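**Student:** next come a sequence and a model predicted from it.
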Amino acid sequence: MGGGGLLFPGAAQVKILPAPFAFGAVTGAPELLAGTVVEVIRKVQVLVPSPFGENWARYYKVEDQRRIEGWLGELRVHCGIKDPSAGETVLCDFQAGGFAEPKFHGKPCWVSVVSKNPVPLLSAPSRRRATKKTLSPGDFVEAVEELRTVGLAFYRLIDGCWVSRDDSAGKVACDLVVRERHKWIYVCNDKDGAQVRTTPTRSQARNGNKKLKYRARVIVSEKVTLSDGDVFLKLGEEKKGWVPATKLNSTVVKMAPLQALEEGAAARGLAASRPPASRPPPACNGYGAAPPMPQPVNSYSPGPGAYTQTYVGYSSYGGHVNPADFGMGAFGQSAADFGLGGAMPAPMAGRPAGPMPAPAPVPSGSDFGLAAASGYAQMPGPAAGNGMWGAPQQTMAPPMQTGAWGAGPGCGGCGGCGGCGYGGYGMQ
């Protein structure tokens, strides 16, 4: 089988049997005391006699800390005990090593005696193993291990002795606490002052010869919280002692926190009372800082050499646009031919700097191989536009001549005049 077991804490001593079932009394057999930890080597079932016939009984082969081996019955009656407790189990499971609750893991744990009566020190985790030594009310002792079994809890102290968490009446006698680092400045909020004690306790037997006055400010270095919620503060080097944070059996503040002395201490103190944010706050850009550029939906960012589309505008060419960049003037046209004013606005000042060249002569039909009789040589050009990129004013053309080149409805041929409003390229 293998494993470990604990001799029932409430049981009296029992004898180790030389065999799973002993017929008659066994003299000289070694005894085990309550609270003794043994190693279970083997488990068997034996058919034993009983007043009403035969019954199966379970026996364990065990070895104690003295390296003595023997057999123990599952029930006290199987070990030859004939008393009212004969039906109780002999061995029970237990948990030991460290501390059970996560809040105590890896932290300095101490035992505070909250009982009004002295608490006996135990030689093993059983109240039957009491020694002649005791702890007084208000004592504060370091603990190194906790053992739990069948609803009971025991604490092993730094000197190797044990104490029971509960007394015989089931009330908490020794409370396990954590000593927390707590660097703060507190102010006494009680007009009667605060009594300084040598340990974190309500016992007046631990009163020192010091007392904090009303509105006195002190530096606190540690904090402990008892299982009933009572909080005690350890004063700094100049005072040396403990004071309660609230009045006795009340939630009225006796010592009020004033200022944290360590970075992040205030945030940790308020974290429990502050509700979590329903959504994270937006990122804050500094004053005058440009917001971040929007990213593509598919998270694709063009790398070097990737295709990107450029939109023509004032900023596309370094802030300057020349009419020649758009083919203007290729056939001798002027800005007025495209509905632009004679004077270019400042953002559209061309290259090189200086006034725009004078308008070229209006082309005639003969310039394009058309007969002079077509009458288009005398056609006036469109008037200059009123504004930037404005639409040109259109003038009705004379009657169309049959067979003229590029003739179309409402046009007698394309002489490049622009009178049709389509840039002088003819409308078919």
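**Tutor:** The structure has been received and is ready for your questions. Numbers count the residues shown, from 1 in each chain.

**Student:** C-alpha only now, for contacts and for neighbours.
**Tutor:** Noted.

**Student:** show me what the nearest residue to Arg179 once chain neighbours are set aside is bridged to.
**Tutor:** The shortest distance from Arg179 to any non-neighbouring residue, by Cα to Cα, 6 or more residues apart in numbering, is to Val224 (5.2 Å). Beta-bridge pairing of Val224 under DSSP bridges involves Phe232.

**Student:** how close does Val224 get to Arg181?
**Tutor:** Relative to Arg181, Val224 is positioned 9 Å away (Cα to Cα, to the nearest Å).

**Student:** looking at those two, which one has more neighbours?
**Tutor:** Comparing Val224 with Arg181 by other Cα atoms under 10 Å, the one with more neighbours is Val224, at 23 against 13.

**Student:** regarding stretch 114-126, how distant is the last residue from the first?
**Tutor:** Terminal residues of stretch 114-126 lie 20 Å apart, using Cα to Cα.

**Student:** and that stretch, which residues are buried?
**Tutor:** 114-115, 118-126 (16 or more other Cα atoms under 10 Å).

**Student:** contacts made by the strand ranked longest in the chain with the rest, please.
**Tutor:** For the chain, the strand reaching the highest residue count under DSSP state E is reported as strand 37-50. Applying Cα atoms under 8 Å, 6 or more residues apart in numbering, the external contacts of strand 37-50 come out as 1-7, 20-21, 54-65.

**Student:** same deal with stretch 206-216?
**Tutor:** 138, 187-199, 241.

**Student:** narrow the residues you listed to those in strands?
**Tutor:** Using DSSP E, the contacts of stretch 206-216 in strands are 187-188, 194-197.

**Student:** out of the buried residues of stretch 114-126, flag the one nearest to Trp162.
**Tutor:** Leu122 (4.7 Å; Cα to Cα).

**Student:** and Val111, what does it touch?
**Tutor:** If you count contacts by Cα under 8 Å, 6+ apart, Val111 has them with 139-143, 174-177.

**Student:** over to Thr201?
**Tutor:** Applying Cα under 8 Å, 6+ apart, we find Thr201 in contact with 112, 114, 138, 232, 244.

**Student:** what does Lys254 give?
**Tutor:** Each residue near Lys254 by Cα under 8 Å, 6+ apart is listed here: 188-190, 194, 244-247.

**Student:** now the closest residue to it other than its chain neighbours: how far from Ala143?
**Tutor:** Residue nearest to Lys254 in three dimensions, not counting chain neighbours: Thr246, with 4.5 Å by Cα to Cα, 6+ apart. From Thr246 over to Ala143 the distance is 26 Å, taken as Cα to Cα.

**Student:** can I get the CA coordinates of stretch 186-198 in CSV?
**Tutor:** Output of stretch 186-198 as CSV, limited to C-alpha atoms (Å, rounded to 0.1, in the frame of the first residue of the first chain):
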residue,chain,number,x,y,z
TYR,A,186,-1.2,57.2,10.1
VAL,A,187,-2.9,59.8,12.3
CYS,A,188,-4.6,58.9,15.6
ASN,A,189,-8.3,59.6,15.0
ASP,A,190,-9.5,58.8,18.6
LYS,A,191,-9.9,61.7,21.0
ASP,A,192,-9.0,59.2,23.9
GLY,A,193,-5.8,58.3,22.1
ALA,A,194,-4.5,54.8,21.3
GLN,A,195,-2.8,52.5,23.7
VAL,A,196,0.5,51.0,22.4
ARG,A,197,0.9,47.3,23.2
THR,A,198,3.9,44.9,22.8
